[in-house]
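Asker: need coordinates for the following:
(one chain, ligands or ions: 1)
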Amino acid sequence: MGLFTSPLILSGIIIAAVFTFSVYSWSVRRKRYAALGAGPPAVVLTNSFGLNIVIDMFRAVRKHRFYHWTKEMLEEYNHTMELRMLGTRLVMTDEPENIKAIQDTQFREVAKSEEQHEIFKHILGDAIFAMNGEEWKQEAALYRAHMSRVRDSDFAVTERHILNAFNLLAKEGNDGFDVIDRLQLDVVTEVFCGDCTNSLTSDQQPFRNAMETLQKIASFRQLLGKVGVYLDDKWIAPQALKFIDDYQDAFADKAFARASKNPVPGSICVIDDLVQRGKNREDIKNAVTSTLLAGKDPSTTTMAFGFYEIARHPDVYAKMKAEVKEQIGFDRLPTMSDLHKLKYIKMVIKETLRDHHPLGFNARVPVKDITLPRGGGSDGKSPIAVLKGTQIIYGLLSLHHRSDLGVKDVNEWRPERWETWKPNDQWEYVPFNHGPRICIGQQFANFQMEYFLARLCQEFESITLLPESPSQEGLVKLELNTKMAHPVYAKCVRRAQV
Ligand code: HEM
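Answerer: Numbers count the residues shown, from 1 in each chain. From the prediction side, this is the model:
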């Protein structure tokens, strides 16, 4: 029997090789930490390659309690920690100083990761969300030209779809989240993609179903770290993938057809602008789904949570209606200058973004070995080292629920708090990001949310949560962004019916 055919000797060689490699990696890591003058953050204890963490994590995700699971650990580990699982290291933080470093002061030292790019490639491809550096700057400038403003025509488009949405909300048994998601899909496809999906007037929702499937899978793969990269959507959900591909193709076909008809410059949507600038079919397809994810999902989640909270707080709805009655009245449509005057409704939106941050989490990867300002030492106040390529996930929902940062009754949804309270620092309240990668559509999003709430007040005398609507207290579903865990059933009584 040769040396390598004896199972005992072969096992011994493998164990020795793994051991030597581990010791070598450990000593290299120590040197890299020492060179930065800081150590790693607190390490969450693990066993069996972190299998215990993986199991706890997926249990939490299944019960829509992933946010709670991370929040409790972050509190225990001074708000910055390292999870080690399945051979992957993942740093998690909800420390404002670290979020400021990632988003602003050390912006150039972190990037969107290749792993995320691979995991989300069927949804986002190479479009803006996955880009870094110069390429991202150019793409962002183009998106900004289309998304950072509200056009007069956006009022008419939004109003047309809102009327369809109100017809559905007025029927008992319809899920408020579902209706609002369809509203946003119809508005965003019409305004930014040049063709409306008309989901509010159809009973079939194949695009939304396929997208939901792929987003769920991508979020799941992301949590698995390096292991998740090797899974592929085409093995798990080939039909959803095919559907999204066809959907993107249909938008691309129409965009190329419009381009051949010499459109008037200045009147085209972002997708048509990309075609004009010579982007290829694949780029256009990726831009369609990226635009939908950016423009639809966070606004939907905020508006749907707002709707849910209003339905639970008749006193808040009464104040909103009084404001709309005084500033606009119930007989004409709101204008932009009317919306500027809706101070209380703006507080309702701010509070919803605080209590129900629609992204929940965000991620970056250092492009070199770096230090972040906080998370080390016994009190978590010293700098920490994060080595190149380590995934950093920062928790925005848990940041917004840190009672130690001076937010009273942190778990209570109370718009009135904004009359007297403001965050100590802009980095303690981060709904739209700060720094260079701030949300491009913030103004458009605020317009959508304010217009929707103002029109709701004009249309419905009362909105009441029905008993069959499950409690959503502290629960969120992870689908790239955070979404509502359960449907929202509310009785919406039209003014004319009272
Ligand atoms: C309540 C609604 C919204 C919230 C809370 C929100 C929040 C955010 C956040 C936190 C980011 C940064 C993502 C990252 O760092 O990876 C972002 C990016 C972006 N948002 Fe929004 N967003 C909202 C609505 C919108 C709308 C309506 C649009 C389009 C009209 C839009 C367009 C974008 C784009 C294009 C980016 C990518 C920016 C980049 O990578 O440079 N967003 N948004």
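
Asker: burial measure for the residue of the stretch 301-450 of the chain found nearest the ligand, as a count.
Answerer: The ligand sits closest to Gly441 of the stretch 301-450 of the chain, with a gap of 2.1 Å, by CB to the nearest ligand atom. Yep, even glycine has a C-beta here, placed from its N, CA and C like the rest. A count of neighbours around Gly441, defined by other CB atoms under 10 Å, yields 23.

Asker: same check, this time on Gly50
Answerer: Neighbours around Gly50, by other CB under 10 Å: 22.

Asker: you'd agree it is up against Met85?
Answerer: Yes: contact criterion CB atoms under 8 Å: Gly50 and Met85 qualify, at 2.9 Å.

Asker: quick one, phi psi at Ala363?
Answerer: phi -140, psi 150 (degrees, to the nearest 10).

Asker: tell me the bridge partners for it.
Answerer: Ile393 (DSSP bridges).

Asker: try Ser382
Answerer: Beta-bridge partners of Ser382, as defined by DSSP bridges: Gly376.

Asker: neighbouring strands of the helix or strand harbouring Leu90 in the sheet, and parallel or not?
Answerer: Element membership for Leu90 (DSSP states H and E) is strand 88-93. Paired neighbours of strand 88-93 in the sheet (DSSP bridges): strand 80-85 (antiparallel), strand 391-395 (parallel).

Asker: what mean pLDDT does it get?
Answerer: Mean per-residue pLDDT for strand 88-93: 91.

Asker: my read: Ile271 touches Phe192, true?
Answerer: Yes: with contact defined as CB under 8 Å, Ile271 reaches Phe192; the gap is 6.8 Å.

Asker: spit out the residues that contact those two alike.
Answerer: Thr291 (CB atoms under 8 Å, 6 or more residues apart in numbering).

Asker: the two: who's more crowded?
Answerer: A direct count of neighbours by other CB under 10 Å for Ile271 and Phe192 places Ile271 higher, at 26 against 23.

Asker: dump the residue contacts of Val187.
Answerer: Contacts of Val187 by CB under 8 Å, 6+ apart are 157-158, 161, 448.

Asker: between the residues you listed, which is nearest the ligand?
Answerer: The closest of the contacts of Val187, once distances to the ligand are taken by CB to the nearest ligand atom, is Gln448, at 6.3 Å.

Asker: was I right about that closest one contacting Asp186?
Answerer: No: counting by CB under 8 Å, Gln448 does not reach Asp186; the two are 11.7 Å apart.

Asker: how about the residues of the stretch 301-450 of the chain by the ligand?
Answerer: 302, 358-359, 362, 431-433, 437, 439-441, 444-445 (CB under 6 Å from any ligand atom).

Asker: and the lowest-mean-pLDDT helix or strand in the chain, what's buried?
Answerer: Of all helical and strand segments in the chain, the minimum by mean pLDDT, DSSP states H and E falls on helix 226-230, at a mean of 82. Neighbour-count burial for helix 226-230, counted by 16 or more other CB atoms under 10 Å, picks out 228-229.

Asker: alpha carbons only: can I get it in PDB?
Answerer: Provided in PDB are the C-alpha atoms of helix 226-230 (Å, rounded to 0.1, in the frame of the first residue of the first chain):
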ATOM      1  CA  LYS A 226     -19.100  32.800   0.800                       C
ATOM      2  CA  VAL A 227     -21.200  29.700   0.700                       C
ATOM      3  CA  GLY A 228     -24.200  31.700  -0.600                       C
ATOM      4  CA  VAL A 229     -22.100  32.900  -3.600                       C
ATOM      5  CA  TYR A 230     -21.800  29.300  -4.900                       C
END
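
Asker: surely the residue of the stretch 301-450 of the chain closest to the ligand touches Leu293?
Answerer: No: the pair Gly441 / Leu293 is not scored as a contact, 11.3 Å apart, by CB under 8 Å.

Asker: farthest pair in the residues of the stretch 301-450 of the chain next to the ligand?
Answerer: Asn362 and Phe444 (20.0 Å; CB to CB).

Asker: and the two? which has more neighbours close in?
Answerer: Phe444 (23 against 18).

Asker: let me see the confidence value for the more buried one.
Answerer: We have a pLDDT of 98 for Phe444.

Asker: give me the phi and psi for it.
Answerer: Dihedral angles for Phe444 - degrees, to the nearest 10 - are phi -60, psi -40.

Asker: and for Lys388?
Answerer: phi -50, psi 130.

Asker: which residues touch it?
Answerer: Here Lys388 is in contact with 366-370 (CB under 8 Å, 6+ apart).

Asker: now tabulate the residues you listed in a markdown table and tack on pLDDT and secondary structure.
Answerer: Shown next, in a markdown table, are the contacts of Lys388 (pLDDT from 0 to 100; DSSP: H, G, I helix; E, B strand; the rest coil):
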| residue | pLDDT | secondary structure |
| --- | --- | --- |
| Pro366 | 97 | strand |
| Val367 | 96 | coil |
| Lys368 | 96 | coil |
| Asp369 | 96 | coil |
| Ile370 | 97 | strand |
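
Asker: buried ones among the residues you listed?
Answerer: 366, 369-370.

Asker: in the contacts of Lys388, find the pair that's most separated.
Answerer: Val367 and Asp369 (9.6 Å).

Asker: what strands line up against the strand or helix carrying Cys492, and which way round?
Answerer: Using DSSP H and E, Cys492 sits in strand 490-494. Strand pairing for strand 490-494, using DSSP bridges, gives strand 460-465 (antiparallel).

Asker: who's in contact with the strand it pairs with?
Answerer: Contacts of strand 460-465 (CB under 8 Å, 6+ apart): 166, 169-170, 307-308, 310-312, 314, 317, 456, 488-495, 497-498.
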